[in-house]
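*Asks:* Could you work out the structure for the sequence below:
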Amino acid sequence: MASRMSPKMSPTTLTKLRNDMEQLITGALDSAFSIPESPRADAFVIKNPDGTSSNPHEYSKEVANDPGAIVRSMGTSRRVFLINPSLTPTEIDGLSYRIRTMASNSGINSIVVGNPLEDAENNGDMSENTTCLPSFLEDDAPGKNIKLVDNSGPYGNRSSFIKSILHERFGDGLGMPYVSSGYDAKSIYDSEMYKDTQRLEYELMNPLRDLAESFRGSYDETLNSSASKVPVVSMPHGLVTDAGYSLLMGSYVLATHSTAFKIVNPMRGLAFDPIGLSYLLPRIGWEFNQASAEHSVAIANMLALCGYEANAEDMVATGLATHYVSGPFKLNMLERALSDLNSYEYQALFENEKRLYGDKEPAKDVNEPFRNVAVANVIQHLSEYDAAGANEYGAYLKEDLDDESGLFLKDKDPSLTMQEERIQMYGELVSELVSWGATFKDVFAEPSVEGKMERLREIAASKAEYEGKPGFEEDVEVAEQAQSLVDKMEQRSPLALCVMNELLQKGLDEHETLESCMEREKTSQIRLFSKEDGDYQRWAESGKGVGLVEMNHGTSSLIKDKEYSFSAWKHSSVKEVTTDEINEIVW
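*Replies:* Next up is the predicted model:
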């Protein structure tokens, strides 16, 4: 309607008018419009580092700050582009609202969330690009509806886009794209929000919790919040840290070869953000009955306390991701398939019972078993393997598999079995995280952080005994890994480590729920943020980082090198942290 009112209106004016009309009709929150909608045929302009735009349109030479995320219609599906790795508190609240609203929409079949993959070709530097967010539905002629004044292409100076995106090892050798950190911890200090515990709770912590719940579909239903119906599919091509994992808490998480997850908050003097990781991490592998479940506590400690970076194989092996896909080019196929599927409402095989006028709605939806199945089938078809697959075959077909390889059914000629038809064709895949979790299982069973670190030091000291002796190479490798883990722990805030350790131990209790853990995480994080002369304030005042180096231009890519990090914590070691100090934060 707004677009027909005046063809001379600028895109900014049209967007503002459309938002005002939407809010008037739907009663949407103000924060919802911090996550704008972008029509598929329109270009979306990424600003240059100096604040200008490379879009040759005259009205777009100066652009405002890029929004943290953009929503686009994609046939009977919806696409959420994560533009910036960190969202503002308002954008976190707005994205939570958008996801809740879309997930309850029976007129669509799914929501796809991910970073724009085209930024990886330029190592995250978007300054040479005219636009981003091309529709993969138009990859045969991208941007065909966009007319630029100099007749240049809609992707600026980029070349061979289709060729690179179709290559399985797309992006290798370049900086790792930064998918999401949730929010920018430095901006909380700059805005002085950390001084006001009420602001922290209502403007940051509660929206973070709501965002995690909206992705999980487990939020409270209200007049403005209906039951979640359609699945959220996340495809993070790059690094996810801390609160950014809230964007991976939906129905499906598709890990590519460049997907990774890392917890860096203790490098800032902070602990878990209120998204439920103190509940989820100690239960790694439980949901899909995976082999990693046996070592879940050790793996949780390695991720939370040691800052171990889990790669794509690690994430699928632990259930942090649900599927592995061979490359980001699969997003093209996923978008095309989902755009053509029936909406949730029309995923039906049987007619509902006939009702007379005035009758109540039928108590049972006879088509409920068939809804969302098509989406699941599409994802399964596009994936190389899934988190449940290996153990599913191992648990139910073990006696029927051949004894030698376990890849074929007994009494079947292997030469007649195509590679893609093999049982457990992914059986050779190895997760180093799970292997190290098994190796250090007893170490991380120690109740205190000090005890864990001492055990690691003991193992590390054994290197001198085994080094150079034939047949003891594996012992040397274990000793070196132990030293690496303890080195990483020593770089982190001692108080933050002790708080996270306490949260993990409380979260493992069988009576705990995701909600109770979120509440405890929220309380602890607020106190760490606001603690006078605390480690967070010391870190923020120092201007130092957390071990990750950003690109010179843009903020969407990381080089995996060490950046100088902060070390002047209030406590010189975990030995100085008292039980009373830990209880003061957690309880």
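*Asks:* if I look at Ile284, how far off is Val240?
*Replies:* Counting by Cβ to Cβ, to the nearest Å, the separation of Ile284 from Val240 is 16 Å. To be clear about C-beta, it is placed using only N, CA and C from the backbone, and glycine gets the same treatment.
*Asks:* Over to Trp539: give its phi and psi.
*Replies:* When quoted as degrees, to the nearest 10, the phi and psi of Trp539 stand at phi -60, psi -50.
*Asks:* same thing with Ile70?
*Replies:* phi -130, psi 140.
*Asks:* can you count the residues close to it?
*Replies:* Here the count is done by other Cβ atoms under 10 Å, and Ile70 has 19 residues near it.
*Asks:* my guess is it meets Ser38, correct?
*Replies:* Yes. Using Cβ atoms under 8 Å, Ile70 makes contact with Ser38 at a distance of 4.8 Å.
*Asks:* For the helix or strand containing Thr523, give the mean pLDDT please.
*Replies:* If you go by DSSP states H and E, Thr523 is part of helix 514-530. The average pLDDT for helix 514-530 rounds to 96.
*Asks:* try stretch 193-201
*Replies:* Per-residue pLDDT over stretch 193-201 has a mean of 95.
*Asks:* how about it as PDB, C-alpha atoms only?
*Replies:* Listed in PDB are the C-alpha atoms of stretch 193-201, where the atom choice follows Å, rounded to 0.1, in the frame of the first residue of the first chain:
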ATOM      1  CA  MET A 193      24.400   0.600  31.400                       C
ATOM      2  CA  TYR A 194      26.600  -1.600  33.600                       C
ATOM      3  CA  LYS A 195      26.200   0.900  36.500                       C
ATOM      4  CA  ASP A 196      22.400   0.500  36.500                       C
ATOM      5  CA  THR A 197      21.300  -3.000  37.500                       C
ATOM      6  CA  GLN A 198      17.700  -2.300  36.500                       C
ATOM      7  CA  ARG A 199      18.700  -1.200  33.000                       C
ATOM      8  CA  LEU A 200      20.900  -4.300  32.700                       C
ATOM      9  CA  GLU A 201      18.100  -6.600  33.600                       C
END
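*Asks:* Any chance you could list what contacts it?
*Replies:* Contacts to stretch 193-201, defined as Cβ atoms under 8 Å, 6 or more residues apart in numbering, come from residues 89, 188, 203-204, 522, 526, 529-530, 536-537, 540.
*Asks:* List the buried residues for it?
*Replies:* Within stretch 193-201, the residues that qualify as buried are 193-194, 199-201, counting by 16 or more other Cβ atoms under 10 Å.
*Asks:* In terms of distance to Asn367, which of the residues you listed ranks first?
*Replies:* Glu201 (41.7 Å; Cβ to Cβ).
*Asks:* residue contacts, the residue nearest to Ser180 when sequence neighbours are not counted?
*Replies:* For Ser180, ignoring the flanking residues on the chain, the nearest one in space by Cβ to Cβ, 6 or more residues apart in numbering is Gly244 at 3.2 Å. Contacts for Gly244 were tallied using Cβ under 8 Å, 6+ apart; they are 85, 179-182.
*Asks:* Quick check: Gly244 vs Asn105, distance?
*Replies:* Distance of Gly244 to Asn105, given as Cβ to Cβ: 25 Å.
*Asks:* So which of the contacts of stretch 193-201 wins on neighbours?
*Replies:* Result: Leu204 is most packed of the contacts of stretch 193-201 (other Cβ under 10 Å), 27 neighbours.
*Asks:* Chain neighbours aside, what residue packs nearest to it?
*Replies:* When the adjacent residues along the chain are set aside, Leu204 lies closest to Pro89, with 4.8 Å between them (Cβ to Cβ, 6+ apart).
*Asks:* check contacts around the one you found.
*Replies:* When contacts are counted by Cβ under 8 Å, 6+ apart, Pro89 is found next to 183, 193, 203-204, 207.
*Asks:* One more pass at 10 Å, please.
*Replies:* By Cβ atoms under 10 Å, 6 or more residues apart in numbering, the residues touching Pro89 are 31, 34, 183-184, 187-188, 191, 193, 199-200, 202-208.
*Asks:* Repeat that for Glu515.
*Replies:* Taking Cβ under 10 Å, 6+ apart, we find Glu515 in contact with 209, 213, 218, 276, 279.
*Asks:* you'd agree Ser448 is up against Glu454?
*Replies:* Yes. With contact taken as Cβ atoms under 10 Å, Ser448 and Glu454 are classed as touching, separated by 9.1 Å.
*Asks:* Common neighbours of those two, please.
*Replies:* Overlap between the contact sets of Ser448 and Glu454, as judged by Cβ under 10 Å, 6+ apart, is given by 574-575.
*Asks:* and Thr101, how many neighbours does it have?
*Replies:* Thr101 is surrounded by 17 other residues when neighbours are defined as other Cβ under 10 Å.
*Asks:* What distance do you get for it to Asn206?
*Replies:* If you measure Thr101 against Asn206 using Cβ to Cβ, the figure is 18 Å.
*Asks:* Lys488 now?
*Replies:* With distances taken as Cβ to Cβ, Lys488 is found 31 Å from Asn206.
*Asks:* can you check Tyr97 too?
*Replies:* Counting by Cβ to Cβ, the gap from Tyr97 to Asn206 is 13 Å.
*Asks:* So for the two, which sits in the more crowded spot?
*Replies:* Ranked by neighbour count (other Cβ under 10 Å), Tyr97 and Asn206 place Tyr97 first, with 24 against 17.
*Asks:* Hmm, Leu528 and Tyr188 touching each other?
*Replies:* One thing to correct before we go on: residue 188 is Ile, not Tyr. No. Ile188 is not in contact with Leu528 according to Cβ under 10 Å; the separation is 11.4 Å.
*Asks:* in which helix or strand would I find Arg78?
*Replies:* Taking DSSP H and E as the criterion, the element that holds Arg78 is strand 77-82.
*Asks:* C-terminal to that strand, what's the next element?
*Replies:* Past strand 77-82, the next helix or strand by DSSP H and E is helix 89-103.
*Asks:* quick one: strands adjacent to the very next helix or strand once past that next one?
*Replies:* Downstream of helix 89-103, the first helix or strand assigned by DSSP H and E is strand 110-114. Strand 110-114 has its sheet partners listed here by DSSP bridges as strand 77-82 (parallel), strand 232-234 (parallel).
*Asks:* any idea of the mean pLDDT for strand 110-114?
*Replies:* For strand 110-114, the mean confidence score works out to 93.
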